[in-house]
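Student: Give me a 3D structure for the following:
(2 chains, ligands or ions: 2)
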Amino acid sequence: MKMICAIIRPDKLEEVKQGLRSIGIKGLTIYEVRGKGRQEGVKWSARGHEYGLDMLPKLKIEVLVSDENLDAVVDVIAQKAKTGYVGDGKIFVVPVEEVVRIRTGERGKEAL
Amino acid sequence: MLSSALVFLMTPGLGFFYGGLVRKKNMANTVAACFAIAIVISLLWVSFGYSLAFGPDRFGIIGGLEWLGLSNVGSQPSSYAPTIPHSAFMLFQAMFAIITPALVIGAVVERIKFKALLLFTALWSTFVYVPIAHWVWAEGGWLRSLGAIDFAGGTVVHVNAGFAALIAALVLGKRVGYGNSSFEPSSVIYVLLGTAMLWLGWFGFNAGSALSSNSLAVHAFVTTNTAAAAAGATQMILSLVSRGKASIVTLSGGIVAGLVAITPAAGFVSVMNSMIIGAAAGVLCYFAVLLRTRLGIDDSLDVWGIHGVGGLCGALSVGILAEPSVNGAAGLLFGNPGQLIAQMASVAVTAAYSSALTWLILKLISKTIGLRVDRQEEMWGLDLTQHGELAWG
Ligand SMILES: Nc1ncnc2c1ncn2[C@@H]1O[C@H](COP(=O)(O)OP(=O)(O)OP(=O)(O)O)[C@@H](O)[C@H]1O
Ligand SMILES: [Mg+2]
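Tutor: Ligands and ions are numbered 1, 2, ... in the order given. A predicted model of the protein is given here:
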């Protein structure tokens, strides 16, 4: 099992959700986060002074998937969250040891 | 003066109403836009706006320059309001002049450049608001001479703003992603907070339009509240029936629609008829918003559907339901069909003039400094790209 953590533009949530639904992925968690990438936010200058805002609002999505589904899910997120401009975000994949579905007590793949 | 203070509150209130409806990334920009408009118009109004709108008439079309910089506008009452200082009347009118362009921008939020918005505000107020206010309200104004009545600005403020908004939405075009991603309101609680401020301020707007603290003011207070409740109730029910749950955004919009519709009529109709006007506005505005959506026009915060259509509904219903026992004027049902004709003429002229001039002004801005932020700026949001500050730090 893998945990896919994707940092995306808040506006892209709807499209990403629909994309995931279309390949049968239902469960996910989102967080409102702030972050910066290589450009370190946005900068502008006026009258010789530099101004900037670095920690910009983003949305973090976490999706837990079985190993077989990993590539399909990563592809869908990458495709749906893309605009082509800087700041489109990142996807991290993290291995997961165990999952428990609380209501039923199921573990592992059954619990996803 | 108390009424002016209440009416002033409406503009920040509108800011919160609008701010709650836009997406989080544009919230600060939207609220701030209303404040910026208050700044621009406050200065413009005392400098020359008031004189051109209400100053001694020239040919029924525009006021003269005699009151430029408020010269001759002092503590002596004017013929507009015999019981209060002239400057108090000027101040009250200033608040109307402020809120009207603020209403318009609801159609183009989340994509208009802040600088373009400032320029639009100044030009629009000078070339659209001021002349229409003169025609309808000033002594010698040609629509007023036709016999059109407008208690507190149904035509000058709401029909005017509503049609300008429709044109503005068409000229600027849709927001990026309109129709294929859901634009979540940043906070329905702010929508309600804004509604509360508008509702409160509207008492000043309508009751204050009696221009003194008399029984007419109390009557306008009661009709205002009744119409707001009736329209809120109809939209709440329509929403319950059509989607199974009562939408908070819809019921807030309903309250505003009722307030808009009663504006021209507050001091002319009976309380029971104000309930009918409110309910009619609730229904008409509800379907106007549906129609607007169906046509795919991105009047983002439904300024046309609520203010344009609500204003029309109110201005025409005063022509039908005005009751001589309330304040002299008689409408169609009280034996005076001419009133309805005068109302129709006034509304038609306002909508046509406002639409044409708004289009011209926007084209002019578009050719010079540009109207819209670029696509990437729109994605980042206007808080960040227009102000370098975020609503939620
Ligand atoms: N190395 C990192 N570690 C943790 N989070 C990161 C890292 N890089 C980016 N992020 C997160 O992803 C968000 C979006 O990053 P962004 O898309 O700007 O990355 P980038 O490498 O600068 O790519 P681009 O050049 O397309 O902008 C950041 O706001 C931050 O939350
Ligand atoms: Mg980056």
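Student: Longest strand in chain B, please.
Tutor: strand B:81-85 (DSSP state E).
Student: can you map out the strands along the chain?
Tutor: Picking chain A for this. Secondary structure of chain A (DSSP E): strands located at A:2-8, A:29-35, A:42-46, A:49-53, A:56-65, A:90-95.
Student: Can you look at chain B instead?
Tutor: B:57-58, B:62-63, B:77-78, B:81-85.
Student: that older thread, partner strands of the longest strand of chain B, with direction?
Tutor: With DSSP bridges as the test, strand B:81-85 is paired with strand B:77-78 (antiparallel).
Student: what's in contact with the strand it pairs with?
Tutor: Residues from elsewhere that reach strand B:77-78 (CB atoms under 8 Å, 6 or more residues apart in numbering or on different chains): B:83, B:84, B:85, B:86, B:89. All C-beta spots, glycine's among them, are computed from the backbone N, C-alpha and C.
Student: Buried ones among the residues you listed?
Tutor: Burial by neighbour count, judged by 16 or more other CB atoms under 10 Å in any protein chain shown, picks out B:84, B:85, B:86, B:89 from those.
Student: Which pLDDT does the model give the residue of chain A found nearest chain B?
Tutor: Distance from chain B to each residue of chain A (CB to the nearest CB) is smallest for residue A:14, at 4.3 Å. pLDDT recorded at residue A:14 is 91.
Student: Now it: closest residue in space, sequence neighbours ignored.
Tutor: residue B:181 (4.3 Å; CB to CB, 6 or more residues apart in numbering or on different chains).
Student: Check residue A:7 too.
Tutor: Per CB to CB, 6+ apart, closest to residue A:7 is residue A:89, 4.5 Å.
Student: Could you report the neighbour count for residue B:249?
Tutor: 18 (other CB atoms under 10 Å in any protein chain shown).
Student: Also residue A:43?
Tutor: Residue A:43, neighbours per other CB under 10 Å, totals 12.
Student: Could you check the pLDDT of it?
Tutor: 86.
Student: if I look at it, how far off is residue B:370?
Tutor: Shown here: residue A:43 relative to residue B:370, a distance of 22 Å by CB to CB, to the nearest Å.
Student: need the residues of the stretch 251-393 of chain B near chain A, please.
Tutor: B:376, B:379, B:380, B:384, B:385, B:388, B:389, B:390, B:392 (CB under 8 Å from any CB of the partner chain).
Student: For chain A, what's the nearest residue on chain B?
Tutor: Counting by CB to the nearest CB, chain B gets nearest chain A through residue B:181, at 4.3 Å.
Student: Am I right that that residue is in contact with residue A:15?
Tutor: Yes: at 6.2 Å, residue B:181 counts as touching residue A:15 under the criterion of CB atoms under 8 Å.
Student: Those two: which has the busier surroundings?
Tutor: Between residue B:181 and residue A:15, counted using other CB under 10 Å, the more crowded position is residue A:15 (20 against 16).
Student: which ones are touching the more buried one?
Tutor: A:80, A:81, B:180, B:181.
Student: for residue A:34, same thing?
Tutor: A:55, A:56, A:57, A:58.
Student: Just give the number of residues close to the third one.
Tutor: Burial of residue A:57 is recorded as 20 neighbouring residues (other CB under 10 Å).
Student: which ones are touching it?
Tutor: Applying CB under 8 Å, 6+ apart, the residues contacting residue A:57 are A:10, A:32, A:33, A:34, B:24, B:25, B:390, B:392.
Student: Name the nearest residue to whichever residue of chain A sits closest to ligand 1, sequence neighbours excluded.
Tutor: Nearest to ligand 1, among the residues of chain A, is residue A:35, at 1.9 Å (CB to the nearest ligand atom). Excluding the flanking residues, the one nearest residue A:35 by CB to CB, 6+ apart is residue A:58, at 5.3 Å.
Student: can you tell me how far the one you found sits from residue A:15?
Tutor: Counting by CB to CB, the separation of residue A:58 from residue A:15 is 15 Å.
Student: Residue A:20: how many residues sit nearby?
Tutor: There are 22 residues near residue A:20, going by other CB under 10 Å.
Student: Now do the nearest residue to residue B:45 once chain neighbours are set aside: how many residues are near it, please.
Tutor: Spatial nearest neighbour of residue B:45, excluding adjacent residues (CB to CB, 6+ apart): residue B:94 at 4.5 Å. Neighbours of residue B:94 under the rule other CB under 10 Å: 21.
Student: Can you name the residue of chain A nearest to ligand 2?
Tutor: residue A:37 (3.0 Å; CB to the ion).
Student: Can you check the pLDDT for that residue?
Tutor: 94.
Student: contacting residues for the residue nearest to it when sequence neighbours are not counted?
Tutor: Nearest non-adjacent residue to residue A:37, counting by CB to CB, 6+ apart: residue A:87, 6.7 Å away. With contact set as CB under 8 Å, 6+ apart, residue A:87 has these partners: A:9, A:37, A:39, A:56, B:380.
Student: Let's see the pLDDT reported for residue A:87.
Tutor: Reported pLDDT for residue A:87: 92.
Student: quick revisit: name only those of the residues of the stretch 251-393 of chain B next to chain A that count as buried.
Tutor: B:379, B:380, B:384, B:385, B:390.
Student: who's in contact with the third one?
Tutor: With contact set as CB under 8 Å, 6+ apart, residue B:384 has these partners: A:42, A:53, A:56, B:25, B:390.
Student: Repeat that for the last one.
Tutor: By CB under 8 Å, 6+ apart, the contact set of residue B:390 is A:53, A:57, B:25, B:28, B:383, B:384.
Student: what do you get for the first one?
Tutor: By CB under 8 Å, 6+ apart, the contact set of residue B:379 is A:9, A:11, A:83, A:85, B:176.
Student: mind checking how far the fourth one is from residue B:375?
Tutor: Read it as residue A:85. For residue A:85 relative to residue B:375 (CB to CB), the value is 8 Å.
Student: what does the first one give?
Tutor: Applying CB to CB, one obtains 13 Å for the distance of residue A:9 from residue B:375.
Student: tell me the contacts of residue B:19?
Tutor: B:27, B:28, B:30, B:31, B:186, B:187, B:190, B:194, B:391 are the contacts of residue B:19 under CB under 8 Å, 6+ apart.
Student: mind running it again at 7 Å?
Tutor: B:27, B:30, B:31, B:186, B:190 (CB atoms under 7 Å, 6 or more residues apart in numbering or on different chains).
Student: Disregarding flanking residues, what is the spatial nearest neighbour of it?
Tutor: residue B:31 (4.0 Å).
Student: Could you tell me how far the one you found is located from residue B:379?
Tutor: 20 Å.
Student: for whatever residue of the stretch 201-350 of chain B ends up closest to ligand 1, phi and psi?
Tutor: Minimum separation of the stretch 201-350 of chain B from ligand 1 (CB to the nearest ligand atom) falls at residue B:300, amounting to 27.1 Å. Per-residue torsions, residue B:300: phi -50, psi -40 (degrees, to the nearest 10).
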